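>>> Next input, structure requested:
(chains A and B)
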Protein chains: 2
Amino acid sequence: MAQKGDLLSVRQDIRVVDATVRDGGLCNDFRFSDKFIKDLYAANVKAGVDYMEFGYKASKEIFKEEDFGKWKFCKDDDIRDIVGENNTDLKIAVMADVGRCDFRNDIIPKNESPIDLVRIATYIHTIPAAVEMIEDAAKKGYETTINIMAVTKAKTEDIKAALEIFGKTPAKAFYIVDSYGALYPEESRRLAEMYCEIADKYNKVVGIHAHNNQQLAFANTIEALAYGASYLDATVDGMGRGAGNCALELLLGFLKNPKYKVDPIVKIIEDHTKKLKAEGVKWGYDIPYMLTGQYNTHPRPAISFVKNDREDYSAFINELYDIINS
Amino acid sequence: MAQKGDLLSVRQDIRVVDATVRDGGLCNDFRFSDKFIKDLYAANVKAGVDYMEFGYKASKEIFKEEDFGKWKFCKDDDIRDIVGENNTDLKIAVMADVGRCDFRNDIIPKNESPIDLVRIATYIHTIPAAVEMIEDAAKKGYETTINIMAVTKAKTEDIKAALEIFGKTPAKAFYIVDSYGALYPEESRRLAEMYCEIADKYNKVVGIHAHNNQQLAFANTIEALAYGASYLDATVDGMGRGAGNCALELLLGFLKNPKYKVDPIVKIIEDHTKKLKAEGVKWGYDIPYMLTGQYNTHPRPAISFVKNDREDYSAFINELYDIINS
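Numbering: from 1, shown residues only, chains lettered A, B, ... in the order given. This is a model prediction of the structure:
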């Protein structure tokens, strides 16, 4: 394997994507204060972050608006209320899940929207639907990426076939998504090389979105980076579903481009995410998440364990055996 | 670089070293209940752990006995009270710091002691004193390892020169010790290869002891492992000074040898370490430790910040700048 770049210099292809509101929103049903979102936007601009993901473009047919905060739906006007004309170097992203987004109606032409990037999230078995969404968004003028979830459950030959299909779409980046936090660094490197090999052929780039079930989200991110990935997802304080994500403050402290600054992000932790935790919003490494990561399985039972304030880990081990073997 | 082993098979050279009492003892002045130590010993036996480090052999001239729990001194009789004749596959280790151990008096002949392994901890500038201690312990019948601390501050040529000296001693293993939690996985791999190259020449093996300042302790441990290290330090719940260590439950879940079991260690977390945390014993990843790790500096100011229940991270950033540049 050949490494790309080193620990001392700058790679100009790197793009840091702050996914705090989107993945972190899964911990509090997207009920963030406007102050939080405004402070985070300003901090991301100062910190040199390249993209800020504001949330999902979720279908209002499938999800009731009253059940969630506004960032579940990311209406263009709500984003505009935060960013105005967004006269900054920070680009605005949203995520659209295959099958859970009325993309034909809810994604308006780019020239009427503050959004720059639409990230299409798909499982490996819903590729044609994902292709349709990529093409729709690209035709409307957006940048697009394709995020293939639960990579540790997909077969290598299926991933390759999927990437060959996505190579022919307008998507600019292929994302490695470790939904279960089950990847080890050597696998992260191998996947980055495999994704890059196909991406290079189609003039695309590769991204990584990691979860912290085994305290490896940051390691897997920088290892994928060293072996070719350039779009790097992270969240402030690692805020994200279950064990959370690669912490943005770790990533920015690692990157050598002087445009990246840790301090504005540390201030957001001091002013906001610590308080969210104190108020009972739950995320971050814990034993049940470690176990679902080790078993390469969905964190659902661990999320429920943590939500119920349980601490009987040994009982959870037995329950998990039953779930996996049922 | 050549990888050793893979993600599916067993490497018979691996030795897991539980350092909970020794490194964790730095968080509570070694004041563990006998129940904790007995339960941990039994759990380590069940979990297939290879060595359990009971604490330090600290000089009673330098440290007052009344200021610490007994595992600061690890008297042979105190260990014997826990392990009896230790008729198990688990070996008993202690640490002896250069300059802080009356090794001639306090380390008795092996055939009168329950201890199997004496780990000599040294900085790169106290090598002759370390050599003297290794030779003394080996002559008394103990296994020995040499743990060169603060590896990220030492020059490569000095490390190589040190390893050449230690190669000629009876020490069985050379340890990479990332005291500041400043190593990145690619450096961990490179160091493992460099240590192994010299270790091989002298028929020694290589170990790693990592700290979790950047959430990389587990990653750095398994990356050093993949590139040749075989003595792997870890602690239950990551308990250890400052940001703590590689979590034993993560490491055992990763290793493929069926003799290693996660469940007994998870039970210790459930029964003991969670309670220690609730009682106010402090360790684990936090922003001040991340910052000292990123700056490759001693965690002392971060430990003091956390001890004083401060949460003004931004002020700490400024203080750290001053400390580093003073």
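>>> Tell me the secondary structure at the residue of the stretch 101-250 of chain A found nearest chain B.
Closest contact between the stretch 101-250 of chain A and chain B, by C-beta to the nearest C-beta, is at A:Ala219 (3.3 Å). Every residue, glycine included, has its C-beta placed from N, CA and C. Per DSSP: H, G, I helix; E, B strand; the rest coil, the local secondary structure of A:Ala219 is helix.
>>> if I pick the spatially closest residue to it that is not a sequence neighbour, what's in contact with it?
With C-beta to C-beta, 6 or more residues apart in numbering or on different chains as the criterion, A:Ala219 has its nearest non-adjacent residue at 3.3 Å, and that residue is B:Ala219. By C-beta atoms under 8 Å, 6 or more residues apart in numbering or on different chains, B:Ala219 lies in contact with A:185, A:215-216, A:218-220, A:223, B:185, B:188.
>>> hmm, try it at 7 Å
A:185, A:216, A:219, B:185 (C-beta atoms under 7 Å, 6 or more residues apart in numbering or on different chains).
>>> re the thing from before, so how far is B:Gly141 from the residue of the stretch 101-250 of chain A closest to chain B?
40 Å (C-beta to C-beta, to the nearest Å).
>>> cool, A:Tyr123 as well?
Applying C-beta to C-beta, the value for A:Tyr123 to B:Gly141 is 60 Å.
>>> A:Val49 too?
Between A:Val49 and B:Gly141 the computed distance is 58 Å (C-beta to C-beta).
>>> ditto for A:Asn105
Going from A:Asn105 to B:Gly141 by C-beta to C-beta gives 79 Å.
>>> Name the residue in the two with the higher neighbour count.
Counted by other C-beta atoms under 10 Å in any protein chain shown, A:Asn105 and B:Gly141 do not tie: B:Gly141 has more neighbours, with 14 against 10.
>>> Cross-check the contact I'm expecting between the more buried one and B:Asn111.
Yes: counting by C-beta atoms under 7 Å, B:Asn111 is a contact partner of B:Gly141 at 6.2 Å.
>>> who's in contact with the lengthiest helix in chain A?
Assignment by DSSP state H gives helix A:185-201 as the longest helix of chain A. If you take C-beta under 7 Å, 6+ apart as the criterion, helix A:185-201 is touched by A:1, A:151, A:160, A:163-164, A:167, A:174, A:176, A:205-206, A:216, A:219-220, A:223-224, A:227-229, B:7, B:185, B:219, B:223, B:226.
>>> Run the chain-centre distance for it.
Remark: helix A:185-201 is offset 18 Å from the chain centroid, using C-alpha atoms, centre = their mean, to the nearest Å.
>>> Show the average pLDDT along stretch A:179-190.
Averaged across stretch A:179-190, pLDDT comes to 97.
>>> All the strands of the stretch 201-326 of chain A, in order from the start?
With strands called from DSSP state E, counting those that start in this stretch, the stretch 201-326 of chain A shows them at A:205-209, A:231-234.
>>> Select, out of those strands, the one closest to A:Ile269.
Nearest of the strands of the stretch 201-326 of chain A to A:Ile269, taken as C-beta to C-beta: strand A:231-234 at 12.8 Å.
>>> so what's the backbone phi/psi at the nearest residue to A:Asp158 once chain neighbours are set aside?
The spatially closest residue to A:Asp158, leaving aside those adjacent along the chain, is A:Ile124, at 5.3 Å (C-beta to C-beta, 6+ apart). Dihedral angles of A:Ile124 (phi, psi; degrees, to the nearest 10) stand at phi -70, psi -20.
>>> Burial check on A:Ile124, number of neighbours?
17.
>>> Likewise for A:Pro288?
A total of 25 residues lie near A:Pro288 under the criterion other C-beta under 10 Å.
>>> quick one: it and A:Phe316 touch, right?
Yes: using C-beta under 7 Å as the test, A:Pro288 is close enough to A:Phe316 to be in contact (5.4 Å).
>>> intersection of neighbour lists for the two?
Shared contacts of A:Pro288 and A:Phe316 (C-beta under 7 Å, 6+ apart): A:Phe305.
>>> Contact partners for A:Phe73?
Applying C-beta under 7 Å, 6+ apart, we find A:Phe73 in contact with A:57-58, A:60, A:65.
>>> typed the wrong thing, it's A:Leu291
Contact analysis of A:Leu291 by C-beta under 7 Å, 6+ apart lists A:302, A:316-317, A:320.
>>> and with 10 Å instead?
In this structure, A:Leu291 makes contact with A:213-214, A:297, A:299, A:301-302, A:305, A:313, A:316-317, A:319-321, B:249, B:253, B:262-263, B:266, judged by C-beta atoms under 10 Å, 6 or more residues apart in numbering or on different chains.
>>> for A:Cys27, same thing?
Applying C-beta under 10 Å, 6+ apart, we find A:Cys27 in contact with A:239-242, A:244, A:276-277, A:281-284, A:303.
>>> Format these as TSV; extra columns: neighbour count, distance to A:Val21 and pLDDT.
Converted to TSV, these look like this (neighbours: other C-beta atoms under 10 Å in any protein chain shown; distance: C-beta to C-beta, whole Å; pLDDT from 0 to 100):
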residue	neighbour count	distance to A:Val21	pLDDT
A:Met239	28	9	98
A:Gly240	29	10	98
A:Arg241	18	13	97
A:Gly242	29	17	97
A:Gly244	27	14	98
A:Leu276	21	12	98
A:Lys277	16	16	97
A:Val281	16	13	98
A:Lys282	15	17	97
A:Trp283	27	13	98
A:Gly284	19	17	98
A:Ile303	20	19	96
